[in-house]
Every structure is written in C-alpha cells, then in structure tokens.
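> quick one, fold the following:
(chains A and B)
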Amino acid sequence: MSKLYEDPIGVILEHEGGYVNHKDDKGGATNFGVTQETYSRWLGRPATIQDVKDMKVETAREIYETRYFTGPRIDTLPEPPQTLILDMAINHGPRNAIKMLQRTINLAGFGPISVDGAIGPGTRGAVEKAAEEMGNYLQNAIVEERIKFYHRIVARKESQRVFLKGWLRRANSYRLPTD
Amino acid sequence: MNPKIFLDLMKNATGGKGGEVELPAPAGLYDRILNGINRTGRPLLMVAAMAFFAWGIMDPEYFVVVMKAFSQTPEFIASAILMVIGIFGTGRIVGDFKKRATVKQTVSTSVETEVSTGVSEGRFNNLKDDDPETVEAGEDIVSLEPENSAIDAWKKKKK
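Down below sits the predicted model:
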C-alpha cells in the first residue's frame, strides 16, 4: 500500500504545503492547510499571522489527528476498518465518514443504529461485532458505500466528474481480499 | 474545471509555494556573452541619441562641421543604417516575447501535468470536509441505493 494509505495525515500535510496567505483564499493565513481560525481555536486565543507562520509541522499533525482521528473517536474503532474511516474523514469530513460506516452496519444487519455521524457505545459495539463476523467483507462493504457517495456527489455537481476516476482508484485501493 | 478547484490543485501541485516547476535549461557561456552584447545595443543607441543633442549645445562650432560632413553623406547609406537599426530593435522585441511565451507555456504544462497526475491518482483532497457542499452531500448518505455487493457476497458465504 502506498504512503497515502499508510500515513494519510502525513500526505495531507505534504500536499497542503507550507505557509500561504493569499488574498483570494477564504481561510486567510494558512500553514499546512490549518487556517488562522482553526489555529486560534487550537491555541485558545486569537492567533496572529506570525503565529500561523511559526506553526510547527508536529502541531499541524496534532491538529489533524484531533480533528479527524481522536476527536471523532475514530481511534476507538477496530482495524480494519479504522484506517479507511480515517481516510474517509479527511476526504469527506468525519460526520459523513461515520454516517457511511453506520449505514453499512445497518445494511449488514448489525443494527439498527442511528445514522447520526457520531461514534458512541452503540456504534462502536455494532462495528466491533460486524468486524468480528464479517472480517474483510466489512471494509469492502464500506468501500462500496463510499463509491456510491462519490457517484452521488458527481450527480449533484457534474463539474466534479473530472475527479471521479481518481476518487474511485483511491476508494478501491482499500478493498481487502476475501478468501 | 471550476477555477477555485483548479487554484486549489495548483497550490497543492506546487506544494503551496507556487514555484516548483521546471524551466528551460540555462544558456551556455557563448550564448550568454552574445546575449549580453545584444542587450547593450538598445541602451547604447538611446544614450548616443541624447549625447548627440548635448554635444550640439556644448560644442556648437565643431558640431556644425560634423553636421556639414553628414549632409554630404549619400542618402542611401543613411537609409541603410536606419533600416539595420530598425530591424535590430524589432528582432529583439519579438525575441523577448517569444522567450516569455515559452517560459509561460513550460510552467503551465508542468503544473497541468502534475495536476492531472494528482487528480487521476486521487491524491488531491479537493473535497473540503467543512465545505457547505460536502456537508450538504452528506444528507444524501441515508438515501443511497441499498444494494451492496460486498454485503451480498458475505451473506451468501454465511449461508
């Protein structure tokens, strides 16, 4: 598996690049893709442009981990499908990623659990049970839901079609072998 | 492609720095010397034209002698010199435009290649998770088609 799937946060950090403060960028001053506003929330005080400029890559990684991994409690999920859900959280937002997971659980008959985009004891228990019984089939089923979601995005906005091929490749690379 | 997405991708493609693109190879020593000589032509002509008037004011007597000598010069020689200067100046301007166009093309091709490779590999996180459009699309999740071949395969195996 490529670096993207081994260390998605690392790859995001690389691609987001360093310090940028462009007048057309809605987020204002940004470093490693972390906006001044997000950094202010992280620091608990208003961050200055200089603060954003001086941000260390380790801090950015911590922010990403909090936002996409420990914050939405994806770290409490079994592996697989933990890495897949993390990649989905970075790509579609944690709520949408968890909703797709919950929907898969319901479709597979381990529910019913509420499709609310939040991991609580009910979701965690159902995922653990599904992972134990379904094995690699669970991850593949989530990949299928993700693919359907990508198609839905394109159906909503045709201009996104250009990305579909790459998205599908990214989604399909998470498929696991089943006997 | 949506210009905002394209700008995002360009930012990503260049690591947010906007400069990691391949430019044409630098010229060799011979080319650089000739380029240097070529570049001095136009400034020298300008300085000479200004100096010409200054000379007329500073040394009018000798200037008149020289002007008389010039008036004896056959017209076709003066025309030929003017033509050479004209061709030289125009050639430099056209050359500069061509060079700029080549650099622009190289930069844009390089970024486009990086962008299209990134897009086809699914590397770019162009779906911003807090973007209202992504959040809105999330409302569709509950209404996705119920068919899931991996779940069907698992159920079939279980039986």
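> run through chain B and note the low-pLDDT ranges.
Low-confidence segments of chain B (pLDDT under 70): B:1-26, B:103-133.
> count the residues that sit near the residue nearest to B:I85 when sequence neighbours are not counted.
Leaving aside its sequence neighbours, B:I85 sits nearest to B:L45 (Cβ to Cβ, 6 or more residues apart in numbering or on different chains; 6.6 Å). For every residue, glycine as well, the C-beta is placed using N, CA and C. A count of neighbours around B:L45, defined by other Cβ atoms under 10 Å in any protein chain shown, yields 13.
> doesn't B:L45 fall inside a strand?
No - when classified by DSSP: H, G, I helix; E, B strand; the rest coil, B:L45 is found to be helix rather than part of a strand.
> please look at it and B:G86 and confirm they touch.
No - counting by Cβ atoms under 8 Å, B:L45 does not reach B:G86; the two are 10.9 Å apart.
> which residues of chain A fall in strands?
Secondary structure of chain A by DSSP state E: the strands cover A:30-31, A:34-35.
> oops, could you answer that again for chain B instead?
Going by DSSP E, chain B shows no strands.
> on that earlier part again, relative to chain B, which of the strands of chain A is closest?
Across the strands of chain A, chain B has its closest neighbour in strand A:30-31 (8.2 Å, Cβ to the nearest Cβ).
> what helices or strands is that closest one leaning on?
Here strand A:30-31 touches helix A:49-53, going by 3 or more Cβ pairs under 8 Å, 6 or more residues apart in numbering or on different chains; DSSP states H and E.
> where's the residue nearest to B:I85 relative to chain A, distance?
Here the criterion is Cβ to the nearest Cβ, to the nearest Å. By it, B:L45 lies 41 Å from chain A.
> before we move on, what about B:A137?
For B:A137, the distance to chain A (Cβ to the nearest Cβ) stands at 5 Å.
> just B:I33 next, same as before
Taken as Cβ to the nearest Cβ, the span from B:I33 to chain A is 39 Å.
> list the contacts for that residue?
By Cβ atoms under 8 Å, 6 or more residues apart in numbering or on different chains, the contact list for B:I33 is empty.
> same check on A:Y19?
A:A29, A:T30, A:N31, A:V52, A:K53, A:M55, B:G16.
> all the helices of chain B, residue numbers only.
Listed in chain order, the helices found in chain B under DSSP state H are B:3-13, B:29-58, B:60-71, B:75-121, B:132-138, B:149-158.
> the last one near chain A anywhere?
Yes - looking at helix B:149-158 against chain A by Cβ under 8 Å from any Cβ of the partner chain, the contacts come from B:S149, B:A150, B:I151, B:A153, B:W154, B:K157.
> which ones are touching the nearest residue to the first one once chain neighbours are set aside?
With sequence-adjacent residues excluded and distances taken as Cβ to Cβ, 6+ apart, B:S149 is closest to A:E144, at 6.3 Å. If a contact means Cβ under 8 Å, 6+ apart, then A:E144 has B:N148, B:S149, B:A150, B:I151 as its contacts.
> those: which two are farthest apart?
Maximum pairwise distance in the contacts of A:E144, criterion Cβ to Cβ, is 7.4 Å, between B:S149 and B:I151.
> when these two are compared, which one has more neighbours?
More neighbours surround B:I151 than the other of B:S149 and B:I151, with 21 against 10 (other Cβ under 10 Å).
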